[in-house]
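> what would the 3D arrangement of this be:
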Amino acid sequence: VIFSAGGTVTAWAVQKATRTIPVVFDASFDPQGRGLVADLAHPGGNLTGTAVFTVAIEHKRIQLLSDVVGRSASMGFLSFFDPGFASRRRKLEETFASLGPKDGARIEFFQTDLDTLPATVEAIAERKLALVVGNSPLTAANAERICELVAKHPVPAIADGRRFAEGGLLLSYSTDFVELYKRGADYVARILR
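Coordinates of the predicted model:
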């Protein structure tokens with residue numbers, strides 16, 4: 001059995017390398033849609049593993065932050081440049097609208113890169129927006145920097161993972177990756193048995 005850590009990209013590499021050795025992957029985003037398995041309930045082939053639903057979790061973060069700051073608070077959604085963001089944006093706008101915003105509350109979207117991140121966080125603070133930090137590898141890699149920038153402003157914020165809460169953001173809502181790894185270990189044990 002091969003345990004493939006590193007999500008979808010690593011699982012694709014192992015999938016190309018073998019079609020016979022059983023493979024358990026960790027934390028893949030949309031394994032069925034990305035061609036790792038035929039079906040989530042019945043994976044078929046030699047791959048199985050755990051999935052994370054990052055887009056659905058972003059919607060839950062909008063709801064949680066709205067519950068905390070109130071329906072009359074406007075929000076800023078921060079993401080690093082993503083060419084496929086347009087369809088995600090529409091769904092996030094629908095989520096915000098479904099919460100019943102009051103008093104003209106709105107959601108604004110801010111796409112940034114590492115160079116413009118400080119100015120983007122400052123713009124969010126100047127507009128007095130509550131902040132939802134979107135999921136991405138760049139977000140995760142720059143959690144400490146994002147927390148430092150948010151700490152300079154009185155901005156209620158939510159993001160993905162414990163490191164953001166430890167870094168001073170108001171809220172965090174995330175997948176329990178320890179539990180995902182335990183589940184992956186259980187899959188490996190079941191295959192070996």
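> which stretches of the chain form helices?
In the chain, the helices defined using DSSP state H lie at 7-17, 54-69, 85-98, 117-126, 137-141, 143-151, 162-166, 177-192.
> so which of those comes closest to residue 1?
Closest approach to residue 1 among the helices of the chain is made by helix 177-192 (5.1 Å; C-beta to C-beta). Bear in mind the C-beta positions are built from the backbone N, C-alpha and C, glycine included.
> make CSV out of the helices of the chain and add distance to residue 43, mean pLDDT and mean neighbour count.
Conversion of these to CSV gives the following (distance: least, C-beta to C-beta, whole Å; pLDDT from 0 to 100; neighbours: other C-beta atoms under 10 Å):
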stretch, distance to residue 43, mean pLDDT, mean neighbour count
helix 7-17, 11, 90, 17
helix 54-69, 20, 88, 17
helix 85-98, 26, 86, 14
helix 117-126, 38, 96, 17
helix 137-141, 25, 84, 14
helix 143-151, 32, 96, 18
helix 162-166, 29, 92, 16
helix 177-192, 10, 92, 13
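> reformat those helices as TSV; add distance to residue 24.
Shown next, in TSV, are the helices of the chain (distance: least, C-beta to C-beta, whole Å):
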stretch	distance to residue 24
helix 7-17	9
helix 54-69	20
helix 85-98	28
helix 117-126	36
helix 137-141	22
helix 143-151	27
helix 162-166	24
helix 177-192	5
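> among those, which is nearest residue 32?
Between the helices of the chain, helix 7-17 lies closest to residue 32; by C-beta to C-beta that is 11.3 Å.
> what comes into contact with the closest one?
2, 4, 23, 25-31, 34-36, 47, 49 (C-beta atoms under 8 Å, 6 or more residues apart in numbering).
> how about stretch 75-92?
With contacts defined as C-beta under 8 Å, 6+ apart, stretch 75-92 is touched by 55, 58-59, 62, 65-66, 96, 105-113, 120-121, 124, 127, 129-134, 136, 138-139, 146.
> right, and residue 117 touches residue 146 too?
Yes: the pair residue 117 / residue 146 is scored as a contact, 7.3 Å apart, by C-beta atoms under 8 Å.
> shared neighbours of those two, which are they?
If you check residue 117 and residue 146 against C-beta under 8 Å, 6+ apart, no residue is contacted by both.
> state the distance from residue 176 to residue 11.
20 Å (C-beta to C-beta, to the nearest Å).
> now residue 66
For residue 66, the distance to residue 11 - C-beta to C-beta - is 35 Å.
> how much space between the most centrally placed residue in the chain and residue 47?
Nearest residue to the geometric centre of the chain (C-alpha atoms, centre = their mean): residue 135, 3.4 Å. The gap separating residue 135 from residue 47 is 23 Å, by C-beta to C-beta.
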